[in-house]
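1. 3D model of this:
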Amino acid sequence: MSEMKEFEEKMGKSVDALQEDYATIRAGRANPHILDKIKVDYYGTPTSLQQVANISVPEARMIQIQPWEASLIKDIEKAILVSELGITPNNDGKVIRLVFPELTEDRRKELAKDIKKKGDNAKVAIRNIRRDANDAFKKMNKGGELSDDELKGKEDEVQKLTDKYVDMIDKAIDEKTKEILTV
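-> Sure thing, here's the model as predicted:
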């Protein structure tokens with residue numbers, strides 16, 4: 001049973017990784033999670049933005065970043081500019097504001113394709129875990145640890161897990177695509 005748990009955990013991690021990835025894709029609205037992967041040089045240590053600043057969303061299409069130390073403004077701006085956000089930060093010396101433009105129709109379609117591709121990659125990861133699980137159980141069957149009936153049961157269980165996680169990925173793809181395509 002513990003092997004099954006291990007494979008289920010791996011499948012769960014694949015879905016979690018996809019959700020985290022989707023959180024960083026921006027729809028026309030401001031979502032502070034798009035800043036999750038941005039690191040700032042804080043006294044020589046790459047540090048996540050959330051650890052050096054207060055991040056808020058004062059308006060639907062604006063993120064406000066207030067550094068704990070005013071000296072960090074330039075470093076935070078630099079980190080945002082070199083990131084893949086594609087947004088130019090504005091600052092008044094105390095606070096950095098990121099204003100999100102409305103997404104164009106073409107950009108929305110491009111993002112929808114990207115969402116689908118990331119989802120498909122996650123499904124491939126799930127299927128690879130299924131293959132590894134089935135291989136492990138076949139090896140146990142050959143080694144005499146599992147009977148043929150037990151092997152069949154394990155393979156059915158693995159398939160059910162696979163279907164469950166692929167279904168979760170399909171739902172995530174649909175939700176994120178709907179979010180992106182909704183104007």
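
2. tell me the pLDDT at the closest residue to residue 165 other than its chain neighbours?
-> Distance criterion C-beta to C-beta, 6 or more residues apart in numbering; nearest residue to residue 165, sequence neighbours excluded, is residue 11 at 4.3 Å. C-beta coordinates here come from the backbone N, C-alpha and C atoms, glycine included. On pLDDT, residue 11 comes in at 95.

3. any low-confidence regions in the protein?
-> For the chain, residues meeting the criterion pLDDT under 70 lie at 1, 26-29, 183.

4. Show me the helices in it, by range?
-> 2-23, 73-82, 105-142, 148-181 (DSSP state H).

5. Let's have those in a markdown table, adding distance to residue 56 and mean neighbour count.
-> Converted to a markdown table, those look like this (distance: least, C-beta to C-beta, whole Å; neighbours: other C-beta atoms under 10 Å):
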| stretch | distance to residue 56 | mean neighbour count |
| --- | --- | --- |
| helix 2-23 | 17 | 16 |
| helix 73-82 | 14 | 16 |
| helix 105-142 | 24 | 16 |
| helix 148-181 | 21 | 16 |
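
6. These: which one's closest to residue 49?
-> With respect to residue 49, and counting by C-beta to C-beta, the nearest of the helices of the chain is helix 73-82 at 6.7 Å.

7. contacting residues around the closest one?
-> For helix 73-82, the external contacting residues (C-beta atoms under 8 Å, 6 or more residues apart in numbering) are 38-42, 49, 52-53, 65, 67, 87-89, 91, 93-94, 96, 98.

8. Report the buried members of these.
-> Neighbour-count burial (16 or more other C-beta atoms under 10 Å) applied to these gives 38, 40, 42, 49, 52-53, 65, 67, 87, 89, 96, 98.

9. Including distance to residue 169, could the residues you listed go into a markdown table?
-> Listed next are these as a markdown table, based on distance: C-beta to C-beta, whole Å:
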| residue | distance to residue 169 |
| --- | --- |
| 38 | 26 |
| 40 | 32 |
| 42 | 36 |
| 49 | 28 |
| 52 | 34 |
| 53 | 33 |
| 65 | 32 |
| 67 | 37 |
| 87 | 28 |
| 89 | 33 |
| 96 | 35 |
| 98 | 30 |
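
10. Could you work out the most separated pair of those residues?
-> Top of the distance list for these (C-beta to C-beta): 42 and 87, 21.4 Å.
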